[in-house]
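>>> quick one: sequence and predicted model below, then my questions.
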Amino acid sequence: MAKKNAFYAQSGGVTAVINASACGVIEAARRHSDQIGTVYAGRNGIIGALTEALIDTSTLSDEDVAALRHTPGGAFGSCRYKLKDIDAHRAQYERLIEVFKAHNIGYFFYNGGNDSADTCLKVSKLAETMGYPLQAIHVPKTVDNDLPVTDNCPGFGSVAKYIAISTREAALDIASMCATSTKVFILEVMGRHAGWIAGAGGLAAEKEGDAPHLIIFPEIAFDRQKVMAKIDQSVKDHGYCVIVVSEGARYEEGTFLADAGSVDAFGHKQLGGVAPTLAGMVREDLGYKYHWAVADYLQRAARHIASETDVQQAYAVGQKAVELALAGRNSVMPTIVREESETYQWHVGEVALSDVANVEKFMPRDYITEDGFGISDAGRAYLQPLIQGECIPPFKNGMPVYVELEHQLVERKLPDFEV
């Protein structure tokens, strides 16, 4: 009986370390070449499977595959494309199985967050009902750190490190100029519903009075009067105020401060910029000179300052996904398990996808200070280990060296499919 091939795809917003997971999958599969045939990667994520645009990773050199470990972005292309409801749009899912069958694919590794966990679970169930032997393993990835069960998500530690460092560096800039210039600085970070990234900004502070002076979390209802009073007091006490605000900051009734009035491909509210919205309030209520910045894609692309812990974990879950598949596991996800020890230790576990799909993990209230504007000791103890270590990529001519892969596509066997 011929060896089964594998299909790997990247989904959603990429991270500084998602390619480390791809490296883990491909290298593990190559070590088990007696059991796994070719690893195909979807060009532009799951769309690559639907359109039968399969990249043959066997043409990649070992050196190029290894270089994925220090390359940001999505090396095979990702996508914001959510498969529709399986009952109303069964043809999409059946198309995936048809492509898998045509290319003898028995392993499905889907690298993404909450929505892709749901997709992976649905594909696994459909394959079972259609009698097609497929092992579907979800490889966790999300900068938002909002996947349940796993202690943390690969991709988050590097964003957390970037935000903590950026907060400290920006604060030094503001402090040096506040006597005659900007007194309020606002840094907007990602985090639609969960404030993990905003909370990471709190790691910049090591003693009382250090920036950030306010963190605005989605988990804490926004109270304009209280926020403005806190900003005003910080300027009076320190001469300036540094704020880290999550894009998902919201009022008590649930309305986002920066609701743009539209939705993205996954049906999520598009957010129109909370930093300028908050800056407008500062201008109207306090009259202080302000400046704001949006970390945006920079925070998730900054491989040059990635957390070594994050890189190791991203690689480990990719490797573990292959090991789980070879052990006969199906419809599961590798997890990061934090061990109970004096120093930070972790190992990779697993969880059923049914416990992960469509579930979000929020910042626990005890990770946030009582006033709702900072991280507590418990929050710091959780976050600090995740930004540890530096994993600097190779440099040439003053610039990091990142690999760009040639996408050699496999010959198509099926008719065109409308996406």
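Right, received. Where do you want to start? Computed from a predicted model, the values in this text were never measured in an experiment. Numbers count the residues shown, from 1 in each chain.
>>> surely residue 347 touches residue 340?
No - using CB atoms under 8 Å, residue 347 makes no contact with residue 340, being 11.8 Å away. To be clear about C-beta, it is placed using only N, CA and C from the backbone, and glycine gets the same treatment.
>>> ok, those two, which is more surrounded?
Higher neighbour count among residue 347 and residue 340: residue 347, with 11 against 5, using other CB atoms under 10 Å.
>>> helix, strand, or coil at the more buried one?
For residue 347, the secondary structure call by DSSP: H, G, I helix; E, B strand; the rest coil comes out as strand.
>>> which residues touch it?
Applying CB atoms under 8 Å, 6 or more residues apart in numbering to residue 347 gives the contacts 337, 339.
>>> show me what it is bridged to.
residue 337 (DSSP bridges).
>>> gap between it and residue 169?
From residue 347 across to residue 169, the span is 34 Å (CB to CB, to the nearest Å).
>>> again with residue 80
Taking CB to CB, one finds residue 80 at 31 Å from residue 169.
>>> compare the two and say which one has the larger neighbour count.
residue 80 (13 against 10).
>>> where does that one land on pLDDT?
At residue 80, the model reports a pLDDT of 86.
>>> I figured it hits residue 14, correct?
No - taking contacts as CB under 8 Å, residue 80 lies outside contact range of residue 14: 10.7 Å.
>>> list the buried residues in the helix or strand harbouring residue 225.
Using DSSP states H and E, residue 225 falls within helix 224-238. Neighbour counts using 16 or more other CB atoms under 10 Å place 227-228, 230-232, 234-235, 238 of helix 224-238 among the buried residues.
>>> which strands or helices does it pack on?
For helix 224-238, the elements it packs on are strand 214-216, strand 241-246, helix 274-285, judged by 3 or more CB pairs under 8 Å, 6 or more residues apart in numbering; DSSP states H and E.
>>> most tightly surrounded among these?
Among the helices and strands packed on helix 224-238, strand 241-246 has the highest mean neighbour count (mean count of other CB atoms under 10 Å), at a mean of 30.
>>> so for residue 207, which of the helices and strands packed on helix 224-238 sits nearest?
strand 241-246 (14.4 Å; CB to CB).
>>> hey, C-alpha coordinates of that closest one in CSV?
Output in CSV follows, covering the C-alpha atoms of strand 241-246 (Å, rounded to 0.1, in the frame of the first residue of the first chain):
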residue,chain,number,x,y,z
CYS,A,241,1.3,59.5,30.3
VAL,A,242,1.9,56.4,28.1
ILE,A,243,-1.2,54.3,27.2
VAL,A,244,-1.4,50.8,25.6
VAL,A,245,-4.9,50.2,24.3
SER,A,246,-6.3,47.1,22.7
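>>> helices or strands up against that strand?
helix 156-177, strand 184-189, helix 196-200, strand 214-216, helix 224-238, helix 274-285.
>>> in a strand, residue 313, correct?
No - in this structure, residue 313 is helix, not part of a strand, as judged by three-state DSSP.
>>> now it, nearest residue through space, not along the chain?
What sits nearest to residue 313 in space, not counting adjacent residues and going by CB to CB, 6 or more residues apart in numbering, is residue 154, at 5.0 Å.
>>> what about that neighbour, neighbour count?
Using other CB under 10 Å: residue 154 sits among 34 other residues.
>>> against residue 144, how distant is it?
In terms of CB to CB, residue 154 sits 12 Å off from residue 144.
>>> again with residue 391
In terms of CB to CB, residue 391 sits 21 Å off from residue 144.
>>> so for these two, which residue has more residues nearby?
A count of neighbours by other CB under 10 Å puts residue 144 above the other of residue 391 and residue 144, at 26 against 20.
>>> that one touches residue 191, doesn't it?
Yes - counting by CB under 8 Å, residue 144 touches residue 191, with 5.9 Å between them.
>>> okay, and the common contacts of the two?
Joint contacts of residue 144 and residue 191 (CB under 8 Å, 6+ apart) are residue 197.
>>> ok so residue 334 is a strand residue?
Yes - according to three-state DSSP, residue 334 belongs to a strand.
>>> quick one, what contacts it?
137, 139-140, 316-317, 320-321, 324, 348-350.
>>> weed out the non-buried ones from these.
Of the contacts of residue 334, these count as buried by 16+ other CB under 10 Å: 137, 139-140, 316-317, 320-321, 324, 348, 350.
>>> of these, closest to residue 369?
Closest approach to residue 369 among the buried ones among the contacts of residue 334 (CB to CB): residue 140, at 28.6 Å.
>>> show me what contacts the closest one?
113, 117, 147, 150, 153-154, 317, 333-336.
>>> one more pass at 10 Å, please.
Each residue near residue 140 by CB atoms under 10 Å, 6 or more residues apart in numbering is listed here: 21, 111-114, 116-117, 147, 149-150, 152-156, 313-314, 317-318, 321, 333-336, 351, 356.
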